[in-house]
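Colleague: My questions concern the predicted model and sequence given below.
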Amino acid sequence: MKLIGLTCLLLISAWAQNVGPLEQAPAKFANKKNPMQGNESASRAGAKLYARECAACHGSEGEGGEKAPPLKRAEVFQAPPGTLFWVLENGSLNRGMPSFAHLPEPQRWQIITYLQSQKPADHATGK
Ligand code: HEC
C-alpha cells in the first residue's frame with residue numbers, strides 16, 4: 001500500500017513539473033473578463049507593448065524563440081483572458097517567464113487583447 005502511495009506521489013510531482021503556466025492559473029481567474037475584448041485600438045496598443053515586452057523571448061510574431069514557446073497557438077488563442085492575465089501577473093519564474101505585474105492593468109489587458117486577436121498559425125495549432 002505504501003508503495004502505491006509513493007508511486008502516486010512521484011507521478012503527481014512529475015506531472016506538476018510538466019504543466020505550463022496556463023494550466024497553473026487558479027480556476028477562479030478564468031471568470032475574470034477582459035474589459036477590452038475585441039477592441040481594435042486596444043489591440044494596436046497591445047501590439048506595441050508586445051514588441052517591447054515580449055517579442056525578445058516569444059518572437060516578433062509570437063512564433064516562439066530559443067527562450068520561450070510560441071504564443072500563436074490555439075491554447076493561447078482560446079485561453080480564458082483571465083487565465084492569461086494571471087500568467088502575466090505571476091509569470092513562471094523558475095522556468096524563465098518573468099512577472100509583468102509592474103505593467104498597469106490596462107496595459108496587460110491590451111497585450112492580451114492583441115494576443116487573442118491573432119489567429120493561431122496553422123502549423124502551430126498542435127502542441
Ligand atoms: C525572458 C523571456 C520572456 C519574456 C520577456 C516573456 N516571456 Fe512569456 N514565457 C517565457 C517562458 C520561458 C515561458 C514558458 C514557461 C513555462 O513553461 O513554465 C513563457 C510562457 C508564457 C505563456 C504561457 C504559454 C503556454 O503555452 O503555457 C504566456 C501566455 C506568455 N509567456 C506570455 C508572455 C507575454 C504576453 C509576454 C510579454 C508581456 C511574455 N510572455 C514575456 C519567457 C518569456
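Modeller: In hand now; what should we look at?
Colleague: Only C-alpha atoms from now on, for both contacts and neighbour counts.
Modeller: Will do.
Colleague: hmm, stretch 45-62 touching the ligand?
Modeller: Yes - using C-alpha under 6 Å from any ligand atom, stretch 45-62 reaches the ligand at Tyr50, Glu53, Cys54, Cys57.
Colleague: Give the buried residues for the helix or strand where the first one lies.
Modeller: Assigning secondary structure by DSSP states H and E places Tyr50 in helix 40-53. Buried positions in helix 40-53, judged by neighbour count with 16 or more other C-alpha atoms under 10 Å: Ala42, Ser43, Arg44, Ala45, Gly46, Ala47, Leu49, Tyr50, Ala51.
Colleague: Just give me the closest of the residues you listed to the ligand.
Modeller: Lowest distance from the ligand to those (C-alpha to the nearest ligand atom) belongs to Tyr50, with 5.6 Å.
Colleague: any idea how far the ligand is from the nearest residue to the closest one once chain neighbours are set aside?
Modeller: In this structure, Tyr50 finds its nearest non-sequential neighbour in Ile111, 6.1 Å apart by C-alpha to C-alpha, 6 or more residues apart in numbering. Look at Ile111 and the ligand: by C-alpha to the nearest ligand atom, to the nearest Å, they are 6 Å apart.
Colleague: same thing with Pro106?
Modeller: Using C-alpha to the nearest ligand atom, Pro106 is found at 12 Å from the ligand.
Colleague: where are the low-confidence patches of this structure?
Modeller: 1, 6-18, 121-127 (pLDDT under 70).
Colleague: Spatially central residue (nearest the centroid) of it, please.
Modeller: Geometric centre of the chain, nearest residue: Leu84, 4.8 Å, by C-alpha atoms, centre = their mean.
Colleague: related to what we said a few turns ago, enumerate every residue touching the residue nearest to Tyr50.
Modeller: Ser43, Ala45, Gly46, Ala47, Leu49, Tyr50 (C-alpha atoms under 8 Å, 6 or more residues apart in numbering).
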